[in-house]
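Novice: What follows is a predicted structure for the sequence shown.
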Amino acid sequence: MDVANPAPSITVRYPGTLRTYTRGVSKLMVAAADVRHALDQLERDHPELYRNICDETGTVRQHLNVFVNTENVRELSGLDTKLAPGDELTILPAVSGG
Amino acid sequence: MAERVILAIGTKKGLFVAEASKTRRKFELRGPFGSGVPVYSAFVDTRNSPNIFFSSCNPFFGMKVMRSKDLGKTFKETPSAPAFPKDDGRALANIWSIEAGAAKKELLAGVEPASLFRSRDHGDSWEMVEGISNHDHARKWQPGNGGLCMHTIIRDGNRVHLGISTGGHYMSEDGGETFQASNSGVGAGFTPDPYPEFGQCVHKIARHEDAPGRLYMQNHGGWAEWDGPGGRRPDIGVLRSDDHGKTWRSIAKGLPSDFGFPIVVHPHDPDVVYVMPLEGATRTCPGGAPAVWRSETGGNTWHKLNKGLPRKSSYFTIQRDGMDVDTLKTPALYFGTTTGQLWMGREGGEEWECLFDSLPPIHCVKATVV
């Protein structure tokens, strides 16, 4: 494996409403060792999608949750949560109403 | 094309567009656009072929600016929205006002946290206006209950007036490059100093182009009973300036309350001004009986306009951009309520009828004739 340029092996999933920013594509593949770098890659390669997920300060928007597989990164190490090949990174709106 | 009245109605659940002929007998409603997402600002740009802009304040995915080139039949997101520079430390929380800038395709947007953005390409890209966004006072402004918002942008030649809650009135005399706080006579009830240099909770400012130098302001009133440090502050809620906003004086005498949010000037007579007094404690119609109050003397005297409005049991709020007037020869006034009714007052507010009674809570109403 090329350590400097690892193969994209992390699947990023996001709500259908955001597919308008990825030309209708429902999931993306990124190469990243942790959540922060996965989001960095989205910022670089898909800036319109990224703006929906993070604000100008790089903070994940308040009412979104980020999961690695089934675990919310808030319960893990936040943006420093490690990723392993084959992991799924899922971005979902928090439950809300009104 | 014959003249059409267009109402852009920003609600808690998206933007609606209502359209009627100039008789205003029947309004056709379209929308919601940006469905499910709050809309706090809308702007119908009539400088060329009409474009409708609105801000979509998405609590999940951030702020969007939407644009229609077909009079509000379809909308498309602009390529970008205002955003603070990455190293600024602030993040956009809302867009409270969109107005025309000086150049043909220039737009100005007032945002939360209180800052000003400029687009030179009709909303495709945006830049922060440093002169106010990084003003020495900017980090000292405090949010009110509605957030720290820049809600009013008024251009007057080389002057630019801004209304900030809670920051006060700021004025530029160099086309918007530099700004100064200009609040002499603008009171505040929530600080020991009744007349601070800045920090007032200005709710809305309005002007008429035929009255150079004159401005009207709905300020945060309701402080007549205060008996703490600094003493009572009656009548600080409705104000007027005759020197381009350098000094302000009260014109609240005769109103049932000096608290309210919107203030609107008649399109053809700068002496005619409208407010919607609310109870300061509840932000609802005094006694549950809504009424618009009109002055035909630039604020010296006021009288009530409530023919056709409910006489009891109505406890809604009209938000700062919830009232507007169209520009037909005999204009109609409009207001939208937090309980989802859109009212129209024919003959400048003489006789009211409810156009729509079950919209989502209304944040803003913009009336335009195209």
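Specialist: Now that the structure is in, tell me what you want to look at.
Novice: I'd say B:H203 and B:R320 touch.
Specialist: Yes - under the criterion of Cβ atoms under 8 Å, B:H203 makes contact with B:R320 at 5.1 Å. All C-beta spots, glycine's among them, are computed from the backbone N, C-alpha and C.
Novice: Now for those two: what residues contact both?
Specialist: Any residue near both B:H203 and B:R320 by Cβ atoms under 8 Å, 6 or more residues apart in numbering or on different chains counts here, and that gives B:H151, B:S165, B:Q218, B:F261, B:P262.
Novice: Spatially, which two of those residues are the most separated?
Specialist: The most widely separated members of the shared contacts of B:H203 and B:R320, counting by Cβ to Cβ, are B:S165 and B:P262 (12.9 Å).
Novice: Neighbour count for the two, which is higher?
Specialist: More neighbours surround B:S165 than the other of B:S165 and B:P262, with 29 against 22 (other Cβ atoms under 10 Å in any protein chain shown).
Novice: contacting residues for that one?
Specialist: B:A114, B:G144, B:G146, B:L148, B:C149, B:H151, B:C201, B:V202, B:H203, B:H220, B:R320.
Novice: out of these, which are inside strands?
Specialist: B:C149, B:H151, B:V202, B:H203 (DSSP state E).
Novice: re earlier: could I get the shared contacts of B:H203 and B:R320 as JSON lines with pLDDT and secondary structure?
Specialist: Output for the shared contacts of B:H203 and B:R320, formatted as JSON lines (pLDDT from 0 to 100; DSSP: H, G, I helix; E, B strand; the rest coil):
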{"residue": "B:H151", "pLDDT": "97", "secondary structure": "strand"}
{"residue": "B:S165", "pLDDT": "95", "secondary structure": "strand"}
{"residue": "B:Q218", "pLDDT": "98", "secondary structure": "strand"}
{"residue": "B:F261", "pLDDT": "98", "secondary structure": "coil"}
{"residue": "B:P262", "pLDDT": "98", "secondary structure": "coil"}
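Novice: coming back round to it: if you count surrounding residues, which of B:H203 and B:R320 has more?
Specialist: B:H203 (27 against 24).
Novice: What helix or strand is B:E177 located in?
Specialist: For B:E177, there is no helix or strand it lies in under DSSP states H and E.
Novice: Give me the distance between it and B:G349.
Specialist: Distance, B:E177 to B:G349, using Cβ to Cβ, to the nearest Å: 39 Å.
Novice: next one: B:M171
Specialist: Relative to B:G349, and taking Cβ to Cβ, B:M171 is found at 30 Å.
Novice: same deal with B:R67?
Specialist: For B:R67, the distance to B:G349 (Cβ to Cβ) stands at 31 Å.
Novice: Just want to know which of those two has more residues nearby.
Specialist: Neighbour count, other Cβ under 10 Å: between B:R67 and B:G349, B:G349 has more, with 30 against 19.
Novice: Now that one. Its backbone dihedrals?
Specialist: For B:G349, the backbone dihedrals are phi 100, psi 10 (criterion: degrees, to the nearest 10).
Novice: What residues of the longest helix anywhere in chain A count as buried?
Specialist: Longest helix in chain A by number of residues, with DSSP state H as the criterion: helix A:35-45. Using 16 or more other Cβ atoms under 10 Å in any protein chain shown as the test for burial, helix A:35-45 gives A:V35, A:R36, A:H37, A:A38, A:L39, A:D40, A:Q41, A:L42.
Novice: likewise stretch B:352-369?
Specialist: Using 16+ other Cβ under 10 Å as the test for burial, stretch B:352-369 gives B:352, B:355-356, B:359-368.
Novice: Then stretch B:241-255?
Specialist: Buried residues in stretch B:241-255, defined by neighbour count with 16+ other Cβ under 10 Å: B:S241, B:H244, B:G245, B:K246, B:W248, B:S250, B:I251, B:A252, B:L255.
Novice: Format those as JSON lines; extra columns: pLDDT.
Specialist: JSON lines is the format used below for the buried residues of stretch B:241-255 (pLDDT from 0 to 100):
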{"residue": "B:S241", "pLDDT": "98"}
{"residue": "B:H244", "pLDDT": "97"}
{"residue": "B:G245", "pLDDT": "98"}
{"residue": "B:K246", "pLDDT": "98"}
{"residue": "B:W248", "pLDDT": "98"}
{"residue": "B:S250", "pLDDT": "98"}
{"residue": "B:I251", "pLDDT": "98"}
{"residue": "B:A252", "pLDDT": "98"}
{"residue": "B:L255", "pLDDT": "97"}
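Novice: Return the closest of these with respect to chain A.
Specialist: Using Cβ to the nearest Cβ, the shortest approach to chain A within the buried residues of stretch B:241-255 belongs to B:G245, at 31.3 Å.
Novice: residues touching that closest one, list them.
Specialist: By Cβ under 8 Å, 6+ apart, B:G245 lies in contact with B:H161, B:H169, B:M171, B:S182, B:I205, B:L215.
Novice: Columns pLDDT and distance to B:R90 on top of the residues you listed, output as TSV?
Specialist: Formatted as TSV, the contacts of B:G245 follow (pLDDT from 0 to 100; distance: Cβ to Cβ, whole Å):
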residue	pLDDT	distance to B:R90
B:H161	98	23
B:H169	98	22
B:M171	98	23
B:S182	98	24
B:I205	98	24
B:L215	98	28
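Novice: what residues does chain B put near chain A?
Specialist: Residues of chain B that fall close to chain A, judged by Cβ under 8 Å from any Cβ of the partner chain: B:59-62, B:83-86, B:88-92.
Novice: how about these in a markdown table, adding pLDDT?
Specialist: Below are the residues of chain B next to chain A laid out as a markdown table (pLDDT from 0 to 100):
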| residue | pLDDT |
| --- | --- |
| B:P59 | 90 |
| B:F60 | 94 |
| B:F61 | 96 |
| B:G62 | 95 |
| B:A83 | 97 |
| B:F84 | 97 |
| B:P85 | 96 |
| B:K86 | 92 |
| B:D88 | 96 |
| B:G89 | 95 |
| B:R90 | 96 |
| B:A91 | 96 |
| B:L92 | 97 |
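Novice: out of the residues you listed, which are buried?
Specialist: B:P59, B:F60, B:F61, B:G62, B:A83, B:F84, B:R90, B:A91, B:L92.
Novice: and the residue in the stretch 101-250 of chain B that chain A sits nearest to, what is it in contact with?
Specialist: Here the stretch 101-250 of chain B gets closest to chain A at one residue, B:M128, 10.4 Å apart by Cβ to the nearest Cβ. Contacts for B:M128 (Cβ under 8 Å, 6+ apart) come out as B:P82, B:F84, B:P85, B:D88, B:S115, B:L116, B:F117, B:N134.
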